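**Q** My questions are about this predicted structure, shown below with the sequence.
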Amino acid sequence: MSSGSDVDPVDAAEETIFTWGAPPLKFGAGAADEIGFDMAQFGAQRVLVLTDPGIAALGIPQRVAENMKRYGINAEVFDGVHIEPTDAAFETAVEYARARGPWDGFVAVGGGSAIDTAKAVNLLTSCSGELMDYVNKPIGRAEVPSKQLKPLVAVPTTAGTGAESTAMCVLDILSMKVKTGISHWRLRPALAVVDPLLTMTLPPEVTASAGMDIVCHAVESYTAKWYADSGRHRPEERVTYCGSNPVSDLWCERAMGLIAKSFRRAVHSGAEDVEARTDMMMAATFAGMGFGNAGVHIPHANGYPIAGMVKEYRPAGYPQDEPMVPHGQSVSLTAPEAFRFSFPSAPERHLRAAEMLAPQTEMLPDPVEQLPHVLVDLMRDIGIPNGIGAVGYGESDVPDLVPGTMKQQRLLSTCPRPVGEEEIERILLRSVQNW
């Protein structure tokens, strides 16, 4: 029998460990009508349902609350979630929850905005401290939650963010005009309830933007730095985004296959195509299981200042009361050029991603252009704006965008190639117009 002393020591400079996690999943048509039973299993008696005004107007959160009441749960609906949430919007929701609490659990009904708001509310009503204590460095202090949070059931109504699977939430810091986030495994929902029927009435523009978020999640995760290419981490240093790894790869590949099959159908005929809606909800969840552990890189890092510094752009299909660049648009606008930059790090992965997203596309003479070509063809077909110029930015704005990207070191740390201000500036300049 060998003893521990006979085992060869691990090279202290070489990473040999990756981490992967995801919440339990309930998926399928009608799944949202079982949330009362699900929340009752956590022993909850008082539950706050968080949603936005648009989803509230459809009656879905109220239906969820009524279902919980049948199981003896006192459920209340907060419908003040802000689309593309800000620090001020998070604070408003937290103040409401603190004033009306305590709560035994939370249910988020909506897109990534509602789910991210619920994660922040759960964190700041379960643990002491203020919002900026937990926001990622260098913008916040990146403190670690001190204890387990309350049960959070995430019910997505868009096929895009994958927030129901992930351990982070995203917000705009208004005073800094920058988008950032909070990231820790305790933020991950206790249960993801994914009901494709909740997406049937989504406008085509929202379907397209949210779907491009899935595309970027899957491809960025698939092309992220391989986990073993990082230096060795101590246990307390391990972060949610550990780099591409064998488990995340499986989910990303499956997501890209579903995107190829059903994304265009969901945009162009989603009101009556239940199969396409189902496939896109599954793709969003699968991609969330991939990027929520492997991480994303340049397109998402660029997307934060593109959204955070918006001028006058008001996208069709979204509320028109204030300017905004929807998250799925903001991350996709520099994706073609970003993947040209990352191609040398892993040519075979970029080509494989292009093949999975568009199996019928012929190979181009220049392999570097294969994935950008596939993305541009898709973006043109579904109505994504033509580069950052189409959402209000010109070449003269690029120097102001670069610092916002460089603040996203949590994302850039998983970039497969070293990237600095010069490289980001070049990518943004070449993305003013994509075709």
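**A** Structure's in. What do you need? Residues are numbered from 1 along each chain as shown.

**Q** count of neighbours near N136?
**A** N136 has 21 neighbours, counted by other C-beta atoms under 10 Å. C-beta coordinates here come from the backbone N, C-alpha and C atoms, glycine included.

**Q** Repeat that for D229.
**A** 13.

**Q** Equivalent analysis for M281, please.
**A** Applying other C-beta under 10 Å, I find that M281 has 28 neighbouring residues.

**Q** Could you check which helix or strand contains it?
**A** Secondary structure assigned from DSSP states H and E places M281 in helix 274-294.

**Q** buried stuff in that helix?
**A** 276-294 (16 or more other C-beta atoms under 10 Å).

**Q** With stretch 18-28 instead?
**A** Buried residues in stretch 18-28, counted by 16+ other C-beta under 10 Å: 18, 20, 22-23, 25-26, 28.

**Q** From the centroid of the protein, which residue is nearest?
**A** T161 (4.0 Å; C-alpha atoms, centre = their mean).

**Q** May I have the longest helix along the chain exported as PDB, CA atoms only?
**A** In the chain, taking DSSP state H as the definition, the longest helix is helix 246-269. Taking Å, rounded to 0.1, in the frame of the first residue of the first chain, the C-alpha atoms of helix 246-269 are listed here in PDB:
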ATOM      1  CA  PRO A 246     -13.700  19.800 -20.700                       C
ATOM      2  CA  VAL A 247     -17.100  20.100 -19.000                       C
ATOM      3  CA  SER A 248     -17.900  23.700 -20.100                       C
ATOM      4  CA  ASP A 249     -16.900  22.700 -23.700                       C
ATOM      5  CA  LEU A 250     -19.600  20.100 -23.800                       C
ATOM      6  CA  TRP A 251     -22.300  22.600 -22.900                       C
ATOM      7  CA  CYS A 252     -21.000  25.200 -25.300                       C
ATOM      8  CA  GLU A 253     -20.900  22.800 -28.200                       C
ATOM      9  CA  ARG A 254     -24.400  21.700 -27.500                       C
ATOM     10  CA  ALA A 255     -25.600  25.300 -27.300                       C
ATOM     11  CA  MET A 256     -24.000  26.100 -30.700                       C
ATOM     12  CA  GLY A 257     -25.700  23.200 -32.300                       C
ATOM     13  CA  LEU A 258     -29.100  24.400 -31.100                       C
ATOM     14  CA  ILE A 259     -28.400  27.900 -32.200                       C
ATOM     15  CA  ALA A 260     -27.600  26.700 -35.700                       C
ATOM     16  CA  LYS A 261     -30.900  24.800 -35.800                       C
ATOM     17  CA  SER A 262     -33.300  27.300 -34.300                       C
ATOM     18  CA  PHE A 263     -32.000  30.900 -33.800                       C
ATOM     19  CA  ARG A 264     -33.100  32.300 -37.200                       C
ATOM     20  CA  ARG A 265     -36.500  30.500 -36.800                       C
ATOM     21  CA  ALA A 266     -37.000  32.000 -33.400                       C
ATOM     22  CA  VAL A 267     -36.400  35.500 -34.700                       C
ATOM     23  CA  HIS A 268     -38.400  35.300 -37.900                       C
ATOM     24  CA  SER A 269     -41.400  33.100 -36.800                       C
END
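
**Q** just to revisit the earlier point, I'd like the buried residues of stretch 18-28 laid out as CSV, including distance to F78 and secondary structure.
**A** Converted to CSV, the buried residues of stretch 18-28 look like this (distance: C-beta to C-beta, whole Å; DSSP: H, G, I helix; E, B strand; the rest coil):
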residue, distance to F78, secondary structure
F18, 37, coil
W20, 32, coil
A22, 26, coil
P23, 22, coil
L25, 25, strand
K26, 23, strand
G28, 27, coil
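
**Q** Can you tell me how far the residue nearest to the centre of the chain is from E237?
**A** Relative to E237, T161 is positioned 27 Å away (C-beta to C-beta, to the nearest Å).

**Q** pLDDT of stretch 83-98, averaged?
**A** Confidence over stretch 83-98 (mean pLDDT, whole number) is 95.

**Q** where along the stretch 51-200 of the chain do the strands fall?
**A** Ranges of strands in the stretch 51-200 of the chain, per DSSP state E, counting those that start in this stretch, are 74-78, 105-110, 152-156, 168-173, 178-183, 191-194.

**Q** The fifth one versus helix 274-294: what angle between them?
**A** This means strand 178-183. When axes from the mean of the first three to the mean of the last three C-alpha atoms, to 10 degrees is applied, the directions of strand 178-183 and helix 274-294 differ by 80 degrees.

**Q** cool, the second one as well?
**A** Computed by the same axes, to 10 degrees, the angle separating strand 105-110 from helix 274-294 equals 120 degrees.

**Q** ok so, going back, who are the packing partners of the longest helix of the chain?
**A** For helix 246-269, the packing partners by 3 or more C-beta pairs under 8 Å, 6 or more residues apart in numbering; DSSP states H and E come out as helix 204-223, helix 274-294, helix 347-357, helix 370-382.

**Q** CSV for the ones you listed, including distance to T334?
**A** Putting those into CSV (distance: least, C-beta to C-beta, whole Å) gives the following:
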stretch, distance to T334
helix 204-223, 10
helix 274-294, 17
helix 347-357, 16
helix 370-382, 11
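
**Q** Adjacent strands (with direction) for the helix or strand bottoming out on mean pLDDT in the chain?
**A** Ranked by mean pLDDT, DSSP states H and E, the helix or strand of the chain with the weakest confidence is strand 178-183, at a mean of 87. Under the criterion DSSP bridges, strand 178-183 sits next to strand 168-173 (antiparallel) in its sheet.
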